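> Okay, here's the prediction I keep looking at, along with the sequence it came from:
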Amino acid sequence: MENLSVNHLLGIKYLNRKDIDLIFKTSDNFKKIINQPIKKVPSLRDVTIANLFFENSTRTKLSFEIAEKRLSADVLNFSSAASSVKKGETLLDTVNNILAMKVDMVVMRHPNPGASVFLSRNIDASIINAGDGTHEHPTQALLDAYSIREKFGEINSKKIVIIGDILHSRVALSNIFCLKMLGANVSVCGPMTLMPKYLKDLGVNYFANLKDALNWCDIANVLRIQLERQDVKLFPSLREYANTYGINKNILENLNDEITIMHPGPINRGVELTSDVADSSHSLILDQVENGVAIRMAVLYLLANKLN
């Protein structure tokens, strides 16, 4: 049986093309299973997984939890808001206490970039990064790429623009790594104040003008503005942002060609997307959510196969 080249999923940059192809192939099988009347398989019976979320989450947390339960794993859910973290307990102490309960795998979201890498070097369990600050969100990038592959048959040579708050977005970084590895042409679009300084190092093009970006692309992956990560004001107002970079039905109808719209969620309706775009036939947003379960089942299954 084929195996991943890694023991943890810490970020897309630690994977190779063969790993991504294996995750997609495994996801194809799990997608068939989750669309059957009996959705549960015993693949991870007797494997215990702890979901550690030090930041708020809806889709990612629920998606991982349902993926784990579909695989028959034993699941522990941890939220820092109601834990001893509030009393000053360190990340390492928290995790070591949970591991003392004989946990095999840890799915973690944390506000600090590199938290999952730190954990993988200090504890004896398989780590899956569910988002670490502004660094990476590998399963989101995998499900986005998988959704594109499902709709178009391939990703190679597709023109994909990522629009919005690139500076603070772990989704943008993981998507750029993943899509470029799969042969896509990737560009970004948004206010210059929301672009990282290392943009040229990522090998992507930059569009300042939204309509130019949309006329260039096949797929637009639209990100929300992460106000919670902005220490200073980086643009005048949400209204002005929406007027300059928000996508509405009128803009889509006046493009040269039809495009596909994606969004990792949560959507700020009326800011980056209007409802008539988010809920339209152009949108892959709910397909992304469904594919997220299959991708996470595949990642959990493949990493569990590498447990000693």
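Looks like it arrived, so ask away. Numbering: from 1, shown residues only.

> Could you list the low-pLDDT ranges of this protein?
Where the chain drops to pLDDT under 70, the residues are 80-87, 226-236, 308.

> which stretches of it form helices?
Using DSSP state H, the helices of the chain run over residues 17-34, 59-70, 91-99, 115-122, 138-152, 170-181, 210-216, 238-245, 249-253, 275-278, 285-304.

> right, and those - which one's nearest L44?
Each of these has some distance to L44 by C-beta to C-beta; the shortest is helix 285-304, at 5.5 Å. The way it works is simple: take the backbone N, C-alpha and C, and place the C-beta from them, glycine included.

> Contacts only, for N209.
Residues near N209 by C-beta atoms under 8 Å, 6 or more residues apart in numbering: C189.

> how close does it get to L238?
19 Å (C-beta to C-beta, to the nearest Å).

> In CSV: the helices of the chain, plus distance to F53 and mean neighbour count.
Below are the helices of the chain laid out as CSV (distance: least, C-beta to C-beta, whole Å; neighbours: other C-beta atoms under 10 Å):
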stretch, distance to F53, mean neighbour count
helix 17-34, 22, 17
helix 59-70, 6, 20
helix 91-99, 12, 15
helix 115-122, 12, 19
helix 138-152, 14, 24
helix 170-181, 14, 24
helix 210-216, 33, 17
helix 238-245, 27, 15
helix 249-253, 35, 13
helix 275-278, 25, 17
helix 285-304, 14, 22
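
> L300 against L44, yeah?
Yes. In this structure, L300 is within contact of L44 by C-beta atoms under 8 Å, at 6.5 Å.

> what sits in contact with each of the two?
Common neighbours of L300 and L44 are listed as 68, 71, 73 (criterion: C-beta under 8 Å, 6+ apart).

> Which member of those residues is positioned nearest N175?
Comparing the shared contacts of L300 and L44 against N175 with C-beta to C-beta places E68 closest, at 24.2 Å.

> Let me know the distance separating the residue lying closest to S157 once chain neighbours are set aside from I20.
Among residues not flanking S157 along the chain, G183 sits closest, at 6.4 Å (C-beta to C-beta, 6 or more residues apart in numbering). Going from G183 to I20 by C-beta to C-beta gives 11 Å.

> Could you break this structure into its assigned domains?
Here the domain assignment for the chain is 12-136+289-304, 138-288, based on automatic domain parsing.

> Same list (the ones you listed) but as a markdown table, adding distance to V6.
Below are the domains of the chain laid out as a markdown table (distance: least, C-beta to C-beta, whole Å):
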| stretch | distance to V6 |
| --- | --- |
| domain 12-136+289-304 | 6 |
| domain 138-288 | 10 |
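
> Nearest the geometric middle of the protein, what residue?
Nearest to the geometric centre of the chain sits Q140, at 1.8 Å (C-alpha atoms, centre = their mean).

> what about it, distance to E154?
20 Å.

> Check the gap between the residue nearest to the centre of the chain and E89 for me.
Counting by C-beta to C-beta - Q140 and E89 are separated by 28 Å.

> now do S5
From S5 to E89 the distance is 34 Å (C-beta to C-beta).

> Any figure for the gap between the residue nearest to the centre of the chain and D257?
Q140 is 26 Å from D257, where distance means C-beta to C-beta.

> Could you do P266 as well?
According to C-beta to C-beta, P266 stands 28 Å off from D257.

> Now render the helices of the chain as JSON lines, adding distance to T48.
Putting the helices of the chain into JSON lines (distance: least, C-beta to C-beta, whole Å) gives the following:
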{"stretch": "helix 17-34", "distance to T48": "20"}
{"stretch": "helix 59-70", "distance to T48": "10"}
{"stretch": "helix 91-99", "distance to T48": "10"}
{"stretch": "helix 115-122", "distance to T48": "16"}
{"stretch": "helix 138-152", "distance to T48": "20"}
{"stretch": "helix 170-181", "distance to T48": "27"}
{"stretch": "helix 210-216", "distance to T48": "45"}
{"stretch": "helix 238-245", "distance to T48": "43"}
{"stretch": "helix 249-253", "distance to T48": "46"}
{"stretch": "helix 275-278", "distance to T48": "37"}
{"stretch": "helix 285-304", "distance to T48": "11"}
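
> K40: which of those helices is closest?
Within the helices of the chain, the stretch nearest K40 is helix 59-70; the backing value is 5.6 Å (C-beta to C-beta).

> Let me know the angle separating the closest one from helix 138-152.
Helix 59-70 runs at 80 degrees relative to helix 138-152, counting by axes from the mean of the first three to the mean of the last three C-alpha atoms, to 10 degrees.

> Against which helices or strands is helix 59-70 packed?
helix 17-34, strand 48-53, strand 74-79, strand 105-110, strand 126-132, helix 138-152, helix 285-304 (3 or more C-beta pairs under 8 Å, 6 or more residues apart in numbering; DSSP states H and E).

> Could you export those to TSV, including columns for distance to K200?
TSV is the format used below for those (distance: least, C-beta to C-beta, whole Å):
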stretch	distance to K200
helix 17-34	23
strand 48-53	34
strand 74-79	39
strand 105-110	28
strand 126-132	24
helix 138-152	21
helix 285-304	29
